[in-house]
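1. please find the sequence and the predicted model below.
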Amino acid sequence: MPARRCRNLSQLILYLLFIYKMIKINAGKPILAPMAGITGYPFRKIALKYGAGFCFTEMVSAIGFLHNDKASLELVEAGKDIEKTGIQLFGNSPGILAQAAEKAAGIGFKVVDINMGCPVKKVVKTGAGSAILKDTKEFSLIVKTVRRAIKDCIFTIKIRSGFDGSSINFMEIGKIAESFGVDAVFFHPRTKSLMFGGIADHSLTKKLKDAVAIPVYASGDIFTVDDAIRVKTLTGADGVMFARGAIGKPWIFTEYLDAGSPPAKKDLTDIRLKTGIIIELMEEMSLFYGEKRGHKLIRPHLYGFLRGFKGSKGKRSEVNNAQNGKELVNILKMVTDEVEFA
Ligand SMILES: Cc1cc2nc3c(=O)[nH]c(=O)nc-3n(C[C@H](O)[C@H](O)[C@H](O)COP(=O)(O)O)c2cc1C
């Protein structure tokens, strides 16, 4: 929030305090958004290596994490990147969320985020994710209880604009969050009902940014560096999150950081360099998940990567039919050659 937007001196001081905390964890740089099935440890590692300032685990069940459920523990693995990784929890119980947040802080996470935007039926019907937006009393109880549990940890929420078109309440939610000491809001300006349809309305992000003193980060339809610059300029947001725009393109963070400056020595317009980064990601995934799972989980990244090239449609089925890592690497190399010689 630039000083001119602050309503008064106390708001400005509050904002400076909050933004100092966030800048200390590198959130001034582009952030990798939480994405289920995508932002496991290997991809986070690569995103951080190629320019992301901070990243999030995908949403993790608070109860599963508390019970040391194997799948949940795998999702929160962060190795030595733990200080640049926020854990995102989902759940419906203020007490369980608070206990899970406390546990996360105890093992070294510096940022705990609560998912309040997930539109998936399985989650919403339990009263978690975007369902929390429907009930401001329950929302207040959750933020109050979690805040009390993790006094020294950065506590953030990720929200949508509301549950549906008739209950758009992000302004109220943002103000309640601010009043209970939430440190920052990650905002995807679509309702739960829209899922991923329509367009993210970032005029709402600007409205939220102008109304609260806590930092606001923009998420939604940020597919390119130009999108990120446009959204940041339009909204005055404190930072941007790349989500789908980073799938298969983890160098997007470096491109964003380099925007406007002369091409760096290692120019990322070089297709071979990009292919090399995808192969590096594949290797990380095989190491972490084992070959078989790694090759399955790399697929969305390969589709994202291939989408950028003309004539790559047929390659998608080749990826699906590939039997092992060697065959996947060969497909990538073929694409690289075709692009280079085009
Ligand atoms: C495959 C996928 C999984 C996602 N999983 C999560 C999640 O676990 N937690 C969350 O808060 N948001 C999740 N999101 C939402 C993103 O973080 C982001 O807010 C949304 O995709 C809008 O950004 P984009 O339009 O730039 O992709 C997910 C999105 C996608 C595409």
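-> Done, it's in.
2. give me the number of residues near the closest residue to residue 95 other than its chain neighbours?
-> Nearest-residue entry for residue 95: residue 145, 6.6 Å, with adjacent residues in sequence omitted and distances by C-beta to C-beta, 6 or more residues apart in numbering. Heads up, the C-betas are built off the backbone N, CA and C, glycines and all. A count of nearby residues for residue 145, using other C-beta atoms under 10 Å, gives 18.
3. look at residue 145 and give its secondary structure.
-> Secondary structure assignment for residue 145 (DSSP: H, G, I helix; E, B strand; the rest coil): helix.
4. which residues touch it?
-> Contact analysis of residue 145 by C-beta atoms under 8 Å, 6 or more residues apart in numbering lists 94, 95, 97, 98.
5. now, the most widely separated pair of those?
-> Farthest pair in these (C-beta to C-beta) is 95 and 97. Separation: 7.3 Å.
6. with neighbour numbers in mind, choose between these two.
-> With other C-beta under 10 Å as the criterion, residue 95 and residue 97 differ in neighbour count, and residue 97 comes out ahead with 26 against 14.
7. care to break the chain down by domain?
-> 3-258, 271-341 (automatic domain parsing).
8. is the ligand within reach of the last one?
-> No. Against the ligand, domain 271-341 shows no contacts by C-beta under 6 Å from any ligand atom, the least distance being 7.4 Å.
9. give me the mean pLDDT for that domain.
-> For domain 271-341, the mean pLDDT works out to 89.
10. that one: how far from the chain's middle?
-> Chain-centre distance of domain 271-341: 23 Å, with C-alpha atoms, centre = their mean, to the nearest Å.
11. over to the longest one?
-> Counting by C-alpha atoms, centre = their mean, domain 3-258 is centred 7 Å from the centre of its parent chain.
12. the ligand contacts on the stretch 151-300 of the chain?
-> 158, 188, 200, 219, 220, 221, 222, 243, 244, 245.
13. and these, which are buried?
-> In these, burial by neighbour count holds for 158, 188, 200, 219, 220, 221, 222, 243, 244, 245, counting by 16 or more other C-beta atoms under 10 Å.
14. run through who's touching the lengthiest helix in the chain.
-> For the chain, the longest helix by residue count, based on DSSP state H, is helix 271-289. For helix 271-289, contacts defined as C-beta under 8 Å, 6+ apart pick out 40-43, 45-46, 50, 77, 248-251, 266-268, 294-295, 297-298, 301-302, 305, 325, 328-329, 332-333, 335-336, 339-340.
15. in helices, which of those appear?
-> Using DSSP H, the members of the contacts of helix 271-289 that fall in helices are 41-43, 45-46, 294-295, 297, 301-302, 305, 325, 328-329, 332-333, 335-336, 339-340.
16. go ahead and build a PyMOL selection from the buried members of these.
-> Remark: buried members of those, expressed as a PyMOL selection using 16+ other C-beta under 10 Å:
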select buried, resi 41+42+43+45+46+294+295+297+301+302+305+325+328+329+332+335+336+339
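17. what about residue 335, distance to residue 318?
-> 10 Å (C-beta to C-beta, to the nearest Å).
18. state the mean pLDDT of stretch 215-225.
-> For stretch 215-225, the mean per-residue pLDDT is 97.
19. now do that stretch: distance from first to last residue.
-> 21 Å (C-alpha to C-alpha, to the nearest Å).
20. what are the phi and psi values at the closest residue to the ligand within the stretch 51-200 of the chain?
-> For the stretch 51-200 of the chain and the ligand, the shortest gap (C-beta to the nearest ligand atom) falls at residue 59, measuring 3.6 Å. Backbone torsions of residue 59, given as degrees, to the nearest 10, read phi -60, psi 140.
21. burial count for residue 296?
-> Applying other C-beta under 10 Å, we find 11 residues neighbouring residue 296.
22. tell me the contacts of the closest residue to residue 103 other than its chain neighbours?
-> Among residues not flanking residue 103 along the chain, residue 66 sits closest, at 6.3 Å (C-beta to C-beta, 6+ apart). By C-beta under 8 Å, 6+ apart, residue 66 lies in contact with 96, 99, 100, 103.
23. residue 177 now?
-> Residues in contact with residue 177 (C-beta under 8 Å, 6+ apart) are 143, 157, 185, 212, 214.
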